[in-house]
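Predicted coordinates and the sequence they were generated for:
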Amino acid sequence: MTGQTGLTIRGLTLSIRSKQGDKRILRGIDLDVPTGTVTGLAGESGSGKTMTGLAACGLQPPGSLMGGTIALQGERVDVPNLLALRSKALNRVRGREIAMVFQDPTASLHPMISIGGQLTDHMRYHLDLSKKDARDRAVELLERVKVPNARAALDRYPHQFSGGQLQRVAIASAIACDPGVLIADEPTTALDVTVQAGVLRLLRELCDDLGLAVLLVTHDLGVMSAVADTIAVMHDGEIVEHGDRRQVIQEPRSDYTRSLIESLPKTPPPGARTDDEEAADAR
Ligand SMILES: Nc1ncnc2c1ncn2[C@@H]1O[C@H](COP(=O)(O)OP(=O)(O)OP(=O)(O)O)[C@@H](O)[C@H]1O
């Protein structure tokens with residue numbers, strides 16, 4: 001046991017074998033994603049953020065050589081190292097104890113299966129629910145993620161929803177089996193700016209209400225500053241800094257973080273909290 005619930009990554013290395021030789025992608029990642037917090041993982045394109053998130057779900061590309069440990073601890077789960085699980089055990093954990101939301105919600109949902117079909121299949125597989133109970137829970141989930149007309153939405157297909165609504169459906173599907181850990185990889189990047197803030201707020205609410213350990217992967221430090229409790233900054237397969245959101249944004253310790261912040265646009269990010277809200281929080 002690591003002594004904390006959530007996701008604990010230690011010394012994670014990942015190389016990809018190819019004809020040209022081994023390419024080192026992750027160079028020894030240490031990262032804590034405690035229950036009830038949003039941990040942001042920031043960094044420029046190619047720094048290894050997505051690969052860290054995928055590895056945490058056991059979804060690394062074929063040919064990956066990995067080292068280190070990925071531990072998962074919660075009320076009903078104690079996995080000292082996900083990397084040591086065989087595929088059957090890994091399948092039981094994935095989708096049940098740890099779930100992922102991707103940038104493009106259409107990639108997580110089958111275009112030809114109704115929303116109800118997708119949500120209930122998933123729950124019946126992992127939770128062994130009857131068809132009716134799974135359907136009732138699917139309605140509750142859609143209400144929880146604020147999809148309007150939840151019961152009617154079950155009979156609709158992905159193309160009948162807007163991008164923002166569809167990302168909410170994908171989030172409902174991710175939390176359907178009550179996982180302890182949620183990995184959200186650029187969950188708002190593909191969405192219209194007008195709906196980004198709502199989706200970020202939803203992730204924050206779910207983290208607080210359900211006690212989720214959320215790893216929020218994004219290249220956008222502005223998005224991070226709106227919702228994350230702590231921010232880890234990645235550069236070239238390593239974490240160069242991890243601290244409280246305020247410290248990382250306002251008093252970065254690494255030169256790399258400072259350069260990322262300097263490249264931020266000066267307009268407030270979607271869902272950013274105002275100075276008044278921050279001050280009220282601090283009181
Ligand atoms: N399937 C793969 N095979 C080989 N190399 C890969 C594969 N997927 C990603 N990489 C490489 O791994 C490195 C890290 O990629 P990763 O997608 O984790 O970066 P990222 O920080 O998430 O960037 P982005 O924000 O662009 O997604 C990059 O050099 C990328 O080219």
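Structure received. Numbering: from 1, shown residues only.

Do any residues in stretch 187-195 lie close to the ligand?
No - Stretch 187-195 lies apart from the ligand when judged by Cβ under 6 Å from any ligand atom; the minimum separation is 8.6 Å. The way it works is simple: take the backbone N, C-alpha and C, and place the C-beta from them, glycine included.

how far does stretch 40-55 stretch from start to finish?
This stretch, stretch 40-55, spans 16 Å end to end (Cα to Cα, to the nearest Å).

For it, list every residue counted as buried.
For stretch 40-55, a neighbour-count test (16 or more other Cβ atoms under 10 Å) marks 40-43, 47-55 as buried.

Could you check how many residues crowd around the residue of the stretch 151-283 of the chain found nearest the ligand?
Nearest residue of the stretch 151-283 of the chain to the ligand, counting by Cβ to the nearest ligand atom: residue 219, 4.7 Å away. Using other Cβ atoms under 10 Å, residue 219 has 19 other residues around it.

I figured it hits residue 48, correct?
No - at 11.7 Å, residue 219 does not count as touching residue 48 under the criterion of Cβ atoms under 8 Å.

and the chain, which residues reach the ligand?
16, 23, 25, 43, 45-51, 61, 219.

Dump the residues you listed to CSV, plus pLDDT and secondary structure.
Putting the residues of the chain next to the ligand into CSV (pLDDT from 0 to 100; DSSP: H, G, I helix; E, B strand; the rest coil) gives the following:
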residue, pLDDT, secondary structure
16, 93, strand
23, 92, strand
25, 96, strand
43, 91, coil
45, 90, coil
46, 92, coil
47, 94, coil
48, 95, coil
49, 96, helix
50, 95, helix
51, 96, helix
61, 91, coil
219, 86, coil
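
May I see those residues organised as JSON lines, with distance to residue 8 added?
Shown next, in JSON lines, are the residues of the chain next to the ligand (distance: Cβ to Cβ, whole Å):
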{"residue": "16", "distance to residue 8": "24"}
{"residue": "23", "distance to residue 8": "26"}
{"residue": "25", "distance to residue 8": "20"}
{"residue": "43", "distance to residue 8": "20"}
{"residue": "45", "distance to residue 8": "26"}
{"residue": "46", "distance to residue 8": "25"}
{"residue": "47", "distance to residue 8": "21"}
{"residue": "48", "distance to residue 8": "18"}
{"residue": "49", "distance to residue 8": "18"}
{"residue": "50", "distance to residue 8": "20"}
{"residue": "51", "distance to residue 8": "18"}
{"residue": "61", "distance to residue 8": "23"}
{"residue": "219", "distance to residue 8": "24"}
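
Which residue ranges of the stretch 101-250 of the chain form helices?
Counting by DSSP state H, counting those that start in this stretch, the stretch 101-250 of the chain has helices at residues 105-108, 115-127, 131-144, 150-153, 163-175, 193-210, 221-227, 245-250.

where does this protein have low pLDDT?
Scanning the chain with the threshold set as pLDDT under 70 gives 1-3, 265-283.

Look at the nearest residue to residue 206 once chain neighbours are set aside and say how many residues are nearby.
Using Cβ to Cβ, 6 or more residues apart in numbering and skipping the chain neighbours, the partner closest in space to residue 206 is residue 212 (5.8 Å). Residue neighbour count, defined by other Cβ under 10 Å, stands at 25 for residue 212.

quick one: residue 212 and residue 33 touch, right?
No - taking contacts as Cβ under 8 Å, residue 212 lies outside contact range of residue 33: 9.6 Å.

what packs against the helix or strand hosting residue 14?
Here residue 14, judged by DSSP states H and E, is contained in strand 6-18. With contacts taken as 3 or more Cβ pairs under 8 Å, 6 or more residues apart in numbering; DSSP states H and E, strand 6-18 sits against strand 21-34, helix 49-56, strand 64-73, strand 213-217.

what lines up beside that strand in the sheet?
The strands beside strand 6-18 in its sheet (DSSP bridges) come out as strand 21-34 (antiparallel), strand 64-73 (antiparallel).
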